[in-house]
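Enquirer: sharing a model prediction with you, sequence too.
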Amino acid sequence: MHFLEKNLKLHNMKKIINTPNAPAAIGPYSQAVQAGNTLYISGQIPIDPATKTVPEGITAQTEQVFKNIKAILDEAGFTFDDVVKSTCLLADMEYFKPMNEVYAKYYSTDCPARAAFAVKGLPMGVLVEIETIAVK
């Protein structure tokens, strides 16, 4: 295959997903990238895209993260049923249980694979960030 043909084929397989219903990227990355039938959603933090504010507390922050993930899934034509992997980043493992209670509202059966980590810090001092991979 000629280099240009190969490059065009790769370009056509990669689609940038962007919606005003989720927070804009705060760096050189996309909200999500669809490659073929797989959607890679960048880590979502709990910024309300309408007000640009962060709610107080881990439960409210986790709910906002899931609203942001849903907005991106919707924009790309995916649903929570298509999610195969989540990575949850927490400011402290003390937030694991309340984060998990919110998480369980979105994934109750046929749950995705998941990893959860406590990290030294998250952007804007938030308590939770979740990245998501979905496949159709």
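Expert: Thanks, I have the structure now.
Enquirer: spatially, what comes nearest to Ala76 if we skip its sequence neighbours?
Expert: The shortest distance from Ala76 to any residue other than its chain neighbours is 4.7 Å, reached at Ile17 (C-beta to C-beta, 6 or more residues apart in numbering). The C-beta positions use only the backbone N, C-alpha and C, and glycine is treated the same way.
Enquirer: beta partners for that neighbour?
Expert: Ile17 forms beta bridges with Ala32, as assigned by DSSP bridges.
Enquirer: what's the pLDDT at it?
Expert: Reading off the per-residue confidence, Ile17 sits at a pLDDT of 97.
Enquirer: same check, this time on Gly27
Expert: With respect to pLDDT, Gly27 has a value of 87.
Enquirer: repeat that for His11.
Expert: The score at His11 is 53. That number is its pLDDT.
Enquirer: distance of the residue nearest to Ala76 relative to Ile130?
Expert: 16 Å (C-beta to C-beta, to the nearest Å).
Enquirer: understood, closing this out.
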